[in-house]
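**Q** kindly return the folded structure for what I paste below:
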Amino acid sequence: MPDRALTYSAALLVDWFAERTGRAYALDAVIDGNVPVFVANSDAGKLAVAMATLWEPENDPAAEDARLAMEERLDAGNVRGPYLIWVPPRAAVPGEEPNASDFVMRAQMACAPMQAGGRTEIDLPVKVQLAKAREEGGYASVVGGLSRFWTAITERVNGTFHVNSLQLRRAPQDVSVRTALLDQIGELSRGLSVGDAVEFDCSEAWTVQRLRTEPLGQRGFAIAQAPPKIDPADGTLMRRIVRKRLKAANEALAAIEADIKGVGLLAIYEYADYENVGSFVKSLDPGLYAGLQIVAAIVDGEVRPVFQPR
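**A** As a prediction, the model looks like this:
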């Protein structure tokens, strides 16, 4: 059986296509291989989708071992899925105690009340540091997960500040929660003199979703996690992996008879809105996707189509 994250992502892609077409496609088989192909059927015909990750798990064996061990620990708990946890870029599930047990507890607490098809976030405690460098200027230098929001932070400070949010790889998706965090930084900045620094607690947020059904009878936890050193903004690396995956997917699909063929590419970004997988696909030789009716990225629990049937 393929990696559970691929199976669950295939179910998301099939559900998306069923909703788009108004046809009741049901995932009912998988042809395993280097690139597994998942088959779904409806009264409109057969859909075959090859699924692959846009990362190489073997690039970080320790992180991959921790991911698999964490899936086993979560499966052994009282909370039953199927659930899919999306680990943000540069992060990995903890493999050492007491952090591993703390993660299990937080994941189970977040997942327990979820309904089928639901989505929420697992809150993990992290610390952010704020330091004042100068009285002059109105500028915030930000490293870490909040660097994407440096302009919003700059608007909230008077003087020159440094923000270290390296522990925070993904801020909450809810705009109101995120705004409250940025407002907190602004309020703290007003109490600092030049040379002062303050550290405060906040939460890193990892997306988790509960699937509507049990894909191919599976109901455990799946964790989508790229090696922490992988940078999704590295265009050279991503283009190479996308090319490799599309080539392998075409080979896997060639021997399968289906009315519609497609490829689903699992990608790791902070938020689905910031993915740019389509730009990498379209920069390649069109022959790599000319025979596919669907090419889609599955990012942070969302299906982001690159190509789709008209």
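**Q** so for the nearest residue to Ile268 once chain neighbours are set aside, what's the pLDDT?
**A** With Cβ to Cβ, 6 or more residues apart in numbering as the criterion, Ile268 has its nearest non-adjacent residue at 4.2 Å, and that residue is Ala226. For every residue, glycine as well, the C-beta is placed using N, CA and C. Ala226 carries a pLDDT value of 96.
**Q** contact partners for Ala226?
**A** 53-55, 87, 89, 232, 268 (Cβ atoms under 8 Å, 6 or more residues apart in numbering).
**Q** which residues of the stretch 151-300 of the chain fall in helices?
**A** Along the stretch 151-300 of the chain, counting by DSSP state H, counting those that start in this stretch, helices occupy 175-189, 235-254, 277-282.
**Q** okay if I get the ones you listed as CSV plus distance to Gly22, mean neighbour count and mean pLDDT?
**A** As requested, those are arranged in CSV below (distance: least, Cβ to Cβ, whole Å; neighbours: other Cβ atoms under 10 Å; pLDDT from 0 to 100):
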stretch, distance to Gly22, mean neighbour count, mean pLDDT
helix 175-189, 32, 15, 96
helix 235-254, 24, 17, 95
helix 277-282, 25, 19, 94
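**Q** for these, give me CSV that also has distance to Glu155.
**A** Putting the helices of the stretch 151-300 of the chain into CSV (distance: least, Cβ to Cβ, whole Å) gives the following:
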stretch, distance to Glu155
helix 175-189, 8
helix 235-254, 30
helix 277-282, 29
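**Q** out of these, which gets nearest to Ala63?
**A** The closest of the helices of the stretch 151-300 of the chain to Ala63 is helix 235-254. By Cβ to Cβ, the value is 16.9 Å.
**Q** quick one: the closest one to chain centroid distance?
**A** Counting by Cα atoms, centre = their mean, to the nearest Å, helix 235-254 is centred 19 Å from the centre of its parent chain.
**Q** tell me what it is packed against?
**A** strand 45-53, strand 260-267, helix 277-282 (3 or more Cβ pairs under 8 Å, 6 or more residues apart in numbering; DSSP states H and E).
**Q** let's see it at 10 Å
**A** Where contact means 3 or more Cβ pairs under 10 Å, 6 or more residues apart in numbering; DSSP states H and E, helix 235-254 is packed against strand 37-42, strand 45-53, strand 260-267, helix 277-282, strand 294-299.
**Q** hang on, the earlier thing: do you know which of the helices of the stretch 151-300 of the chain lies nearest Glu199?
**A** Across these, closest to Glu199 is helix 175-189 (Cβ to Cβ), at 9.9 Å.
**Q** for Ser203, give its distance to Ala66.
**A** Applying Cβ to Cβ, to the nearest Å, the value for Ser203 to Ala66 is 21 Å.
**Q** restricting to C-alpha, output stretch 167-177 in CSV.
**A** Output in CSV follows, covering the C-alpha atoms of stretch 167-177 (Å, rounded to 0.1, in the frame of the first residue of the first chain):
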residue,chain,number,x,y,z
GLN,A,167,10.6,29.0,15.9
LEU,A,168,7.3,30.0,14.2
ARG,A,169,7.3,28.3,10.8
ARG,A,170,3.6,28.9,10.2
ALA,A,171,1.4,31.6,11.7
PRO,A,172,-2.3,30.9,12.1
GLN,A,173,-4.3,31.1,8.9
ASP,A,174,-7.2,33.0,10.5
VAL,A,175,-6.6,36.6,9.6
SER,A,176,-8.1,37.9,12.9
VAL,A,177,-5.8,35.7,15.0
